[in-house]
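Trainee: next comes the sequence, and after it the predicted model I'd like to discuss.
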Amino acid sequence: MKYTMEQYLESAEAIRARLGGFVPKVALVLGSGLGFLGDQVENPIAIPYGEIPHFKASTAPGHKGRLVFGVLDGQNVAVMQGRMHHYEGYSYEEVSYAVRVLRLLGCDTLVVTNAAGCVRPEWEAGDLMLITDQIKLFSESPLRGENLPQFGVRFPDASHLYTPRLQELARSCAKDLGIPLREGVYFYCYGPQYETPAEVRAARILGADAVGMSTCPEVIVAAHAGMEVLGFTLLSNMAAGILDQPLSEEEVLQAADAAKETFSGLVRACLEKM
């Protein structure tokens, strides 16, 4: 589906009418099992996706499917409690639609989180990883089709999708908190099936450190629109073929629950120092 500028503006105006003058500056996209951070927002204004024109439903486990506006650690935030995925049947433009709407509302920074499989055998499930770059091969771009110059140029540079300044901030915050923080490349796959052991080996050869089914479309759209981006991955499980056991969504959600205090502490520390 191809959206028009009028549709983006309609969504933004519908949200703005419910915010009472509140202007968000930082957008957070919370992945599987990580939506609890939205419940920590002060003076929250919660809007279900279904009440926003042109928004799609979020159907993945652990995704509440709503926007929460308010203050978190001194920052005016817009928190997406749940994201849309291509595997749910949505186009890449539909998956990333909310990012452009939040940009129109005033957000100039995007913080993305996800739970993903760990590709590096020497790392461990439960580790947190700072995303320094991403690999998204062979699938369509969310920027495919007519360009909307109100957001960005036709051929945007992708040298630094994840903002170096914010990466340094995350390293500093992790050090201050005593949180071990891995750094690496996130490899995007369509899903919903988990990757095969052969696909994981291929991803490792190509330079991946984590593999998952989200994040990359939203980051491309955010960078195109001139937003700074900070990304974190919870390495919720070892990717297929590393351990001799099947993968399951229950394992992902359990790992997210176990890491929620450490994860939320790091994200909130970054927000405070932005």
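Mentor: That came through, no problem.

Trainee: residues in contact with the closest residue to Val252 other than its chain neighbours?
Mentor: Excluding the flanking residues, the one nearest Val252 by C-beta to C-beta, 6 or more residues apart in numbering is Ser236, at 4.4 Å. C-beta coordinates here come from the backbone N, C-alpha and C atoms, glycine included. Neighbouring residues of Ser236 by C-beta atoms under 8 Å, 6 or more residues apart in numbering: 32-33, 115-117, 125-126, 251-252, 255-256.

Trainee: okay, who's weakest in the residues you listed by pLDDT?
Mentor: Lowest pLDDT of those: Gly33, 63.

Trainee: circling back to that earlier point, closest to Glu94 among the contacts of Ser236?
Mentor: Closest approach to Glu94 among those (C-beta to C-beta): Ser32, at 18.8 Å.

Trainee: and the residue nearest to Val252, how close does it get to Val95?
Mentor: If you measure Ser236 against Val95 using C-beta to C-beta, to the nearest Å, the figure is 20 Å.

Trainee: next one: Ala125
Mentor: From Ala125 to Val95 the distance is 26 Å (C-beta to C-beta).

Trainee: which one of those two is surrounded by more residues?
Mentor: For Ala125 versus Val95, the count of surrounding residues by other C-beta atoms under 10 Å is larger for Val95: 23 against 19.

Trainee: and the strands in this protein?
Mentor: All strands of the chain, identified by DSSP state E, fall at 26-30, 42-48, 66-72, 75-81, 109-118, 128-135, 181-188, 210-212, 228-238.

Trainee: looking at the ones you listed, which is closest to Pro164?
Mentor: Pro164 sits nearest to strand 128-135 of all the strands of the chain, at 8.9 Å, using C-beta to C-beta.

Trainee: contacts for that closest one?
Mentor: Contacts of strand 128-135 from elsewhere in the structure, counted by C-beta under 8 Å, 6+ apart, are 112, 161-162, 167, 170-171, 174, 179-188, 203, 206-210, 215-216, 219, 231-235, 259, 262-263, 266.

Trainee: so what strands line up beside it?
Mentor: Counting by DSSP bridges, the strands paired with strand 128-135 are strand 181-188 (parallel), strand 228-238 (antiparallel).

Trainee: so can I have CSV of those showing mean pLDDT and distance to Ile45?
Mentor: Output for the strands paired with strand 128-135, formatted as CSV (pLDDT from 0 to 100; distance: least, C-beta to C-beta, whole Å):
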stretch, mean pLDDT, distance to Ile45
strand 181-188, 98, 31
strand 228-238, 93, 23
